[in-house]
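*Asks:* Fold the stuff below for me.
(one chain, ligands or ions: 1)
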Amino acid sequence: MTMETAVTREWFDEVMVPCYNPMEIIPVKGSGARVWDQQDNEYIDFAGGIAVSCLGHCHPVMVNAITEQANKIWHLSNVMTNEPALRLAKKLTELSFAERVFFANSGAEANEAALKLARRWATEVHGPEKSEIIAFNQGFHGRTFFTVTVGGQASYSDGFGPKPGDIKHIPYNDLAALEAQMSDKTCAIMMEPLQGEGGVVSPEPEFVQAVRELCDKYNALLIFDEVQTGNGRTGDFYAYQGLGVTPDILSTAKSLGGGFPIGAMLTTKALADHFKVGTHGSTYGGNPLACAVAEAVIDEVSKPEVLAGVAEREAWFREGLEQINQKYGVFQEIRGKGLLIGAALNEEWQGRARDVLVAAGKHGLLLLVAGANVVRFTPSLVITQQEVEEGLTKLDQAIASLV
Ligand SMILES: *Cc1c(COP(=O)(O)O)cnc(C)c1O
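*Replies:* From the prediction side, this is the model:
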């Protein structure tokens with residue numbers, strides 16, 4: 001194989017494990033909310049790498065942070081600590097309820113740590129009987145065997161042999177079902193404070209409030225999976241801050257690295273003390289390169305003007321989507337919060353979210369779906385008004401091609 005060998009999409013089918021079905025285009029370059037493919041076609045990016053690229057592509061603060069750190073030191077191991085990890089942890093505790101931080105490399109790993117910590121706490125404080133994890137239908141928490149089993153789609157965890165046990169699922173926003181399930185055996189409730197993959201579904205404020213109260217009543221822990229909602233996505237630094245309900249454990253990833261892999265579990269000192277030396281770990285967790293990038297990302301995203309800008313951008317999207325809807329009558333509802341937006345298709349368009357995504361791609365727009373009936377938008381938190389307008393024009397054209 002020579003340097004000149006052109007890489008093509010066909011290679012995917014030849015050399016990759018087929019658990020994805022990627023689009024035909026292969027992007028090679030990005031800047032802000034724009035991406036260019038191998039043929040130099042330009043795309044507006046409303047997908048943001050699935051709520052990851054919170055500062056768009058190649059933002060100078062990220063490029064500077066990674067370049068600077070790349071010339072210092074890349075990796076040490078947890079036998080030694082490092083400056084970027086300590087600085088990042090300190091800032092995360094300042095930005096949240098948390099007093100302690102555990103670093104991982106992904107959302108699933110942050111959740112795995114959260115679930116293991118909850119079980120360890122319950123075992124040590126209340127005894128082994130207190131092991132039940134309550135989670136929600138359509139919830140998504142990652143693809144390790146524990147997290148995918150806690151996730152609310154059995155098809156993702158079926159077919160791999162015996163599953164981790166004592167996990168119960170109930171409908172999201174169903175207080176009666178939750179009350180019926182809670183008992184002294186409940187170890188923890190794990191929930192997304194706005195379901196992302198499950199269709200962009202917001203929690204009822206009274207429901208989240210009641211979840212917290214029930215956790216307190218039954219001595220259970222509340223774990224908020226903020227892997228998708230965290231780091232400014234909803235306009236608060238963490239979604240829990242907008243809900244006024246504080247969890248005991250919070251997981252974050254995706255936007256935390258802005259495009260570099262990192263995840264973290266945040267918690268209180270009292271809970272953290274149940275993870276002693278050797279109880280849990282990760283080779284790459286707390287890697288200096290990842291932490292240096294994440295520090296630059298959170299410094300930028302936590303600026304009041306960036307967080308305030310999220311609500312402003314949400315308004316641009318809602319307005320543009322309403323206009324498209326007036327022309328073509330495709331959406332039943334525009335939902336979500338901040339820049340985690342779902343456009344739910346109406347009766348006639350059921351099952352066609354992927355058609356919209358494919359048509360958008362042909363018109364130079366990158367989108368996401370959340371299930372078969374919801375088109376999802378998770379763009380950069382600093383996307384410009386010009387980029388939003390161009391993207392919405394392309395969406396208009398894509399939908400026009402489908403009617
Ligand atoms: C994406 C996601 C995960 C999984 O994160 P990975 O980095 O893919 O492991 C977990 N929880 C939520 C809510 C997510 O959106």
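
*Asks:* any weak-confidence spans in this structure?
*Replies:* Low-confidence segments of the chain, defined by pLDDT under 70, span residues 1-3.

*Asks:* Point me to the residue of it nearest the ligand.
*Replies:* Gly107 (2.3 Å; CB to the nearest ligand atom). Every residue, glycine included, has its C-beta placed from N, CA and C.

*Asks:* Tell me which residue lies nearest the centroid of the protein.
*Replies:* Among the residues of the chain, the one closest to the centroid is Gln228, at 1.9 Å (CA atoms, centre = their mean).

*Asks:* Shouldn't it be within a strand?
*Replies:* No. The assignment for Gln228 is coil, going by DSSP: H, G, I helix; E, B strand; the rest coil, so no strand is present there.

*Asks:* Now it. Nearest residue, chain neighbours left out?
*Replies:* In space, not counting the residues next to it along the chain, Gln228 is nearest to Gly196; the distance is 3.8 Å by CB to CB, 6 or more residues apart in numbering.

*Asks:* Neighbours of the closest residue to Ser202 other than its chain neighbours, how many?
*Replies:* Using CB to CB, 6+ apart and skipping residues adjacent in sequence, the residue nearest Ser202 is Leu194, 5.3 Å away. Neighbour count for Leu194, taken as other CB atoms under 10 Å: 25.

*Asks:* cool, Phe207 as well?
*Replies:* Under the neighbour criterion other CB under 10 Å, Phe207 is assigned a count of 18.

*Asks:* Just want the phi and psi numbers for it.
*Replies:* Here the main-chain torsion angles of Phe207 (degrees, to the nearest 10) amount to phi -70, psi -50.

*Asks:* Show me which residues of the stretch 201-350 of the chain sit near the ligand.
*Replies:* Residues of the stretch 201-350 of the chain that fall close to the ligand, judged by CB under 6 Å from any ligand atom: 225, 227-228, 253-254.

*Asks:* if I read this right, Gln397 contacts Val356, doesn't it?
*Replies:* No. No contact is recorded between Gln397 and Val356 when judged using CB atoms under 8 Å, the distance being 11.7 Å.

*Asks:* The two: who's more crowded?
*Replies:* A direct count of neighbours by other CB under 10 Å for Gln397 and Val356 places Val356 higher, at 23 against 15.

*Asks:* From Gly196, how far out is the more buried one?
*Replies:* Separation of Val356 from Gly196 (CB to CB, to the nearest Å) stands at 18 Å.

*Asks:* if we can go back for a sec, ok, now which ones touch the residue nearest to the centre of the chain?
*Replies:* By CB atoms under 8 Å, 6 or more residues apart in numbering, the contact set of Gln228 is 50-51, 107, 192, 194, 196-197, 254, 340, 378.

*Asks:* Kindly recompute the last result at 6 Å.
*Replies:* For Gln228, the set of contacting residues under the criterion of CB atoms under 6 Å, 6 or more residues apart in numbering consists of 51, 196, 254.

*Asks:* Please apply the same query to Gly32.
*Replies:* By CB under 6 Å, 6+ apart, the neighbours of Gly32 are Gly56.

*Asks:* Show the backbone phi and psi for it.
*Replies:* Here the main-chain torsion angles of Gly32 (degrees, to the nearest 10) amount to phi 60, psi -130.
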